[in-house]
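1. What follows is a protein structure lacking sequence information:
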């Protein structure tokens, strides 16, 4: 047994133990991620099941702001303040979101992410035309402002931001806007070609469970393999003792 506790073997034991613990930790981390995804899915589903309410109710505080809850917006598009949210893909195609503020009857302004447009449209190489009606009625999902946004280069006609950071949006378009924004689902008049409404996020659990099983398999496999190595070493030591 002393042969298994030489400095070389002690380092080997510690290395294997560390790797097994790391792999077990990664497995449990994936299970935690799965649980977080399940809770997020439940919250999204619960919000989507609630009836749509007028946007004024959320702005006035009579309805709680719950992300993915649907709101009804009536007003007119401020097309001269339209802007892009950069680096948004749709069905593996590169592009941006096109967003336009809507002015309500009471003068308040709410940003509406109208949908996805391809990069070729942004660069002017897509002949399809985006029609912006003056007056609009729409239904969309509510979201709160996100942090960490920045202004982009945009185009001659459209400002650009990296994400829906509404403080950055205000700087980019030069207008005060409400502290929530809408991801459009449908509008009247109907959209013909572009922009393409962004669908709700999928509510699957993702690969977290399978990843967890893989890490647990690797950790148990490592224990088995190392156990066989130690067993062979013990046999070699016993044979050496017997020959001596």
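-> That came through fine. This is a predicted model, so every value here is computed, not measured. Residues are numbered from 1 along each chain as shown.

2. can we go C-alpha only for contacts and neighbour counts from here?
-> Fine.

3. name the helices or strands packed onto the longest helix along the chain?
-> Counting residues, the longest helix found in the chain (DSSP state H) is helix 7-49. Counting contacts by 3 or more Cα pairs under 8 Å, 6 or more residues apart in numbering; DSSP states H and E, helix 7-49 packs against helix 208-243.

4. Got the phi and psi for the residue nearest to the spatial centre of the chain?
-> Centroid-nearest residue in the chain, with Cα atoms, centre = their mean: residue 201, separated by 8.5 Å. Residue 201 adopts backbone torsions of phi -70, psi 150, taken as degrees, to the nearest 10.

5. I'd like to know how far it sits from residue 45.
-> 10 Å (Cα to Cα, to the nearest Å).

6. Likewise for residue 142?
-> When distance is defined by Cα to Cα, residue 142 is 14 Å away from residue 45.

7. Those two: who's more crowded?
-> residue 142 (23 against 14; other Cα atoms under 10 Å).

8. Pretty sure the more buried one sits against residue 178.
-> No. In this structure residue 142 lies outside contact range of residue 178 using Cα atoms under 8 Å: 11.6 Å.

9. Heading C-terminal from the longest helix of the chain, find the next helix or strand.
-> The helix or strand immediately downstream of helix 7-49 is strand 53-54, counting by DSSP states H and E.

10. Output the contacting helices and strands for that following strand.
-> Packing partners of strand 53-54 (3+ Cα pairs under 8 Å, 6+ apart): strand 70-77.

11. following the strand it packs on, which helix or strand shows up next?
-> Remark: after strand 70-77, the chain's next helix or strand is strand 83-85, criterion DSSP H and E.

12. Counting by contacts, list what that next one packs against.
-> By 3+ Cα pairs under 8 Å, 6+ apart, strand 83-85 packs against strand 95-103, strand 159-161.

13. Paired strands for the first one, with orientation please.
-> Think strand 95-103. Here strand 95-103 is paired, per DSSP bridges, with strand 70-77 (antiparallel), strand 83-85 (antiparallel), strand 109-118 (antiparallel).

14. With that, I have no additional questions.
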